[in-house]
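Q: Provided below are the primary sequence and the corresponding predicted coordinates.
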Amino acid sequence: MTSSGFFGCAGSISNINIFTDAQEVQLGKQFSRQIEQDMKIYTDPVVTAYIDQLGQHLANHSQRQNITYHFKVVNTDVVNAFAVPGGYLYVNIGLIRAAANESELAGVIGHEIGHVVGKHGVKQMTRQLGLTAVAQLALGENQSELKQMVANLAANGVLMKYSRDAEREADKYAVQEMYDAGIDPEGMATFFEKLLNLQKGKPSRLKQLFSTHPPTTERIAAVRSNIAKLPRKSNLKNDSRRFHQIKKRLPPPSNYRGR
Ligand SMILES: [Zn+2]
């Protein structure tokens, strides 16, 4: 989104982004520093290298190539992954463990890349800051006040609460990324199905499970319909030996305490 049109379409602030790519990357760097202080980053070099390679492979086939993507593993059993603006992505150990094959894991990583491609984080920030701040930023006024507002939003986790439309868009990008990267996008659908069933079975215990991107039957149907639109490809990969070797390397799950 360019800045030229936003005063003209104030009615639909939901799709406006006031941040340049450079500002987004700068913001992302700050958030990632904070995240890495607050969360336990898992540093096993073999697991980290695998996640980075899988992530880079997908990112290389994404529709946003003008930023550098960073992938890290978080040492928590919570089944989730998340992205902050600017290409900083985090994959929980719990998610790797819950994936039955490589394509399921790739589906979630692809979805997170989709949020970065769609610039959903900075759009969400723009929406939360409101039009006054948008105008201030555009005019170069009250920069320090604005900086504080941005910091407050980040602290409240506003960044990762995306709209339904954003979730659907990220899914759509992910299907295309996977397909172009030679990975079977069906893995995303089967993983969402699994999450949905888990949530139905034990809602309280698994409340946080993929909580920032709630799977729904509607979403799964949309993913399948996007897959059906793609030309048939016979050699799409859905698993690898390495994925299962990586799973074996992971520390045993601790008692679920949430995070
Ligand atoms: Zn999402």
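A: Structure received. Numbering: from 1, shown residues only.

Q: same question for stretch 21-34, mean pLDDT?
A: Mean pLDDT, stretch 21-34: 89.

Q: Could you list the alpha-carbon positions for it in CSV?
A: Output of stretch 21-34 as CSV, limited to C-alpha atoms (Å, rounded to 0.1, in the frame of the first residue of the first chain):
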residue,chain,number,x,y,z
ASP,A,21,9.8,-1.7,4.6
ALA,A,22,12.8,-0.2,6.3
GLN,A,23,10.7,0.9,9.3
GLU,A,24,9.0,-2.4,9.4
VAL,A,25,12.3,-4.3,9.5
GLN,A,26,13.6,-1.9,12.2
LEU,A,27,10.4,-2.5,14.3
GLY,A,28,10.7,-6.2,13.8
LYS,A,29,14.3,-6.2,15.0
GLN,A,30,13.3,-4.4,18.2
PHE,A,31,10.4,-6.8,18.8
SER,A,32,12.6,-9.8,18.1
ARG,A,33,15.1,-8.6,20.7
GLN,A,34,12.3,-8.3,23.2
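
Q: buried ones in that stretch?
A: 21, 23-25, 27-28, 30-32 (16 or more other C-beta atoms under 10 Å). Quick note: C-beta positions are derived from backbone N, CA and C, even for glycine.

Q: Need the contact partners of that stretch.
A: Here stretch 21-34 makes contact (C-beta atoms under 8 Å, 6 or more residues apart in numbering) with 19, 66-68, 70, 84-88, 119, 121-122, 125, 150, 154, 159.

Q: which of these are buried?
A: For the contacts of stretch 21-34, a burial check counting by 16+ other C-beta under 10 Å picks out 19, 67, 70, 84-88, 119, 121-122, 125, 150, 154, 159.

Q: Lys248: how many residues sit nearby?
A: For Lys248, the neighbour count with other C-beta atoms under 10 Å is 6.
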